[in-house]
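>>> need the 3D shape of this:
(2 chains)
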Amino acid sequence: MTEPLVKPKKKNPVERTRLATLPPAARSRAALGLTRAAAEGRFEMQVCAECATVQYPPREVCGQCLSEHLNWKSVDDRGELIAITTLRHSNDLYFRERLPWQVGTVKMVAGPVVVAHVHEDCAANSAVRLALKLDRSGQAVLHALPEKDTPNMNDAPQMRESTCDPKFRRVLISDGKSAMGLALAKAMLDAGANTVFLGDPTSWKRVAAFDKLTADPRVQVVELDVTDTDSVKRLAASIGGKIEIMLNTAAYLRGNPGEGGILGRKDVILARDAMEVNVLGLMRLAQAFGPGMCFRAADGSNNAVAWVNVLSIHALVALPARGAWSASMAAALSTAQTLRTELRGAGVRVMNVFPGPIDEEWEQLTPPPKLAPSAVAKAIVKGLQDGLEDVYVGEIAEEIRERLRDNHKAVERELGQ
Amino acid sequence: MTTPILTQFMNELLSGRLKLVDLTQTLTPEFPTIVLPPEFGQAWPFRIEEISRYDERGPAWYWNNFSMSEHTGTHFDAPIHWISGKDQPDNAVDSIPAENFIASACVIDVSAESAANPDFLLTIDFVKAWEEKHGRIPERAWVLLRTDWSKRTTPAEYLNMAEDGAHSPGPDAEVVPWLIRERNVHGFGTESVGTDAGQAHHLNPPYPCHYYMHGNNRYGLQCLTNLDQLPPQGTLIFAAPLKIRNGSGSPLRVLALAPTA
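Here you go, the predicted structure:
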């Protein structure tokens, strides 16, 4: 059974911080289908449309009948672990620092025989579940997991390499005074975060729930306004080396639906304010905190692992009633994609969260279903524990996402009605 | 031969018999800007981004871009700022006659009253009592309200927000028209974020200082500091806003000349 993770000791300040190394990242284009599934927490492989053979590794034509019609589909994740090997030596810079490392061969119920990273709670010749997870290179790898969850299984060092669990980590919530920020702070504490740095952009404003939360000794209030470059830099200079998970909740949404389009307003001030927070704010945070997080990306069991952006499903397609805000969300997503590439070099994961409407002040007139901030927070914690890159929260977000794949023009038209 | 007046003036200044007092707050991103209900448009706070600092973006020079509203930091309110002043002649910062940027000033000290009551309102009786002690307010003089509000250094203390809004001192609804009618004042200046009191939306009319001063083509100054260094009477204020076309106000440097005590 996995030993529970112990709270990391204070770092020895005279020892050199080891820099991040990455597992092999090269993949064929076809293999990126696995990465897509892993990024969203699904288990998919190619299935031949003609002979139904499940393919592994990914390929261009069916290994059985040479058909080109291979479709990515959810497949049965069960299998039998038929061999385990413990690596005690590796010439790869990433693995040689993490030895011993367990790999094994799994005969899948769906057909293929695969090589996978093997969880320490798996026994040879036993039934296992396979999972596709992103490794520190951001590429999908197969993990063989015990058939049923075991205590502390997420604490296993090999699992910790593919996940971004908040347990024993220190997090910064950029806007801790919003409904989302408050819910997320609570969820992070419940998930075992060591410290929650709670950003306060409006120190002059009293918020009872904020004051209540800050009574917890694990919560530290920090002044942070993402529209103020100096404020962001000052905070990074003071606690930048402690942030292991960045939770960017700074979000700007103003106006009632219908007042936030393009022609409905006489100015671009709301649009500019939204860009200032949602886009440039993210850039300022990234420029100030990104380098420090990259530097600590392999720093022990509480290494810097993740950067979370709470966006909206309307980052993918505009809600014309909130056109300017939608534009800021789209720009934020684009920014986050670039940031993902830049942080990937150190193995720090960018997780984008796409909720539907959240039940908060500026969504008062939005009809249900609306997501409770706590539900979004829960999805974020799970996304980090599973090591995801893209998280769609709630039925509206899921539906829009599905329908965009089907007919994006239909979604575009219907959101404008 | 008599000494020219400006030479005399410079002699007074250089000898230290006259002092120059800077009444301006430093523009910083942290300095609070007025907060309106969130459904209204909001004034931008001061924001600054470095263009270059002797680096690859500009090897031999340092400079910044900044942004803010016309009503951020120590700033001037032109009559056009308020609906009551919209049709006044020469009511915008670019059209106000330049001679209006120099005026004498009276400083009414209500710092003790404000410390005891953040909602302190200046009344006609208070001004009359002040005049008995310090002399009549001269024509076309700024009336500056010393509250020591500038010594409140955190945004929370300065804005002093409660569930029912901001709490800061200002003039009541009777004293403003009285100052204009009876004393023909130049304008009204405060240390807090606006010329009106924090709770002035509950007065009749709401925001009487804005309403009457601008409605009578008078001016406003706010977010002033160092008023505690000025005498009650005998100060000269130099306050020239930026020349923004049709501007409703502007951040500015407010300089005071006063005899050294």
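>>> just confirm residue B:220 is within a helix.
No - if the criterion is DSSP: H, G, I helix; E, B strand; the rest coil, then residue B:220 is strand and not within a helix.
>>> look up the closest residue to it, ignoring the ones flanking it.
In this structure, residue B:220 finds its nearest non-sequential neighbour in residue B:77, 3.3 Å apart by CB to CB, 6 or more residues apart in numbering or on different chains. The way it works is simple: take the backbone N, C-alpha and C, and place the C-beta from them, glycine included.
>>> pretty sure that neighbour is touching residue B:217, no?
No - using CB atoms under 8 Å, residue B:77 makes no contact with residue B:217, being 11.8 Å away.
>>> neighbour count for those two, which is higher?
Using other CB atoms under 10 Å in any protein chain shown as the criterion, residue B:77 and residue B:217 rank with residue B:77 on top: 29 against 20.
>>> for that one, give its distance to residue B:48.
23 Å (CB to CB, to the nearest Å).
>>> also residue A:396?
Computed as CB to CB, the residue A:396 to residue B:48 distance reads 40 Å.
>>> helix or strand: which one has the residue nearest the centre of chain A?
The residue lying closest to the centre of chain A (CA atoms, centre = their mean) is residue A:351, at 2.7 Å. Using DSSP states H and E, residue A:351 sits in strand A:349-355.
>>> can you point out the buried residues in that strand?
When burial is assessed from 16 or more other CB atoms under 10 Å in any protein chain shown, strand A:349-355 yields the following buried residues: A:349, A:350, A:351, A:352, A:353, A:354, A:355.
>>> for the last one, list each beta-bridge partner.
Put plainly, it is residue A:355. Taking DSSP bridges as the rule, residue A:355 bridges to residue A:393.
>>> which ones are touching it?
A:310, A:312, A:313, A:371, A:376, A:379, A:392, A:393, A:394, A:397 (CB atoms under 8 Å, 6 or more residues apart in numbering or on different chains).
>>> what residues does the strand or helix carrying the last one touch?
Per DSSP H and E, residue A:397 falls inside helix A:395-415. Taking contacts as CB under 8 Å, 6+ apart, the residues outside helix A:395-415 that touch it are A:313, A:316, A:317, A:318, A:319, A:320, A:354, A:355, A:356, A:357, A:369, A:392.
>>> mind giving me the ChimeraX select for those, buried ones only?
Per 16+ other CB under 10 Å, the buried members of the contacts of helix A:395-415 correspond to this ChimeraX selection:
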select /A:313,316,317,318,319,320,354,355,356,357,392
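>>> what's the closest of the contacts of helix A:395-415 to chain B?
Using CB to the nearest CB, residue A:357 is the member of the contacts of helix A:395-415 that lies nearest chain B, at 18.3 Å.
>>> who's in contact with the closest one?
A:363, A:366, A:369, A:370, A:371, A:396.
>>> next step: these restricted to helices.
residue A:396 (DSSP state H).
>>> tell me, how many neighbours does residue 172 end up with?
No chain specified, so I'll use chain A. Using other CB under 10 Å, residue A:172 is surrounded by 28 other residues.
>>> not what I meant, chain B
Residue B:172: 18 neighbours (other CB under 10 Å).
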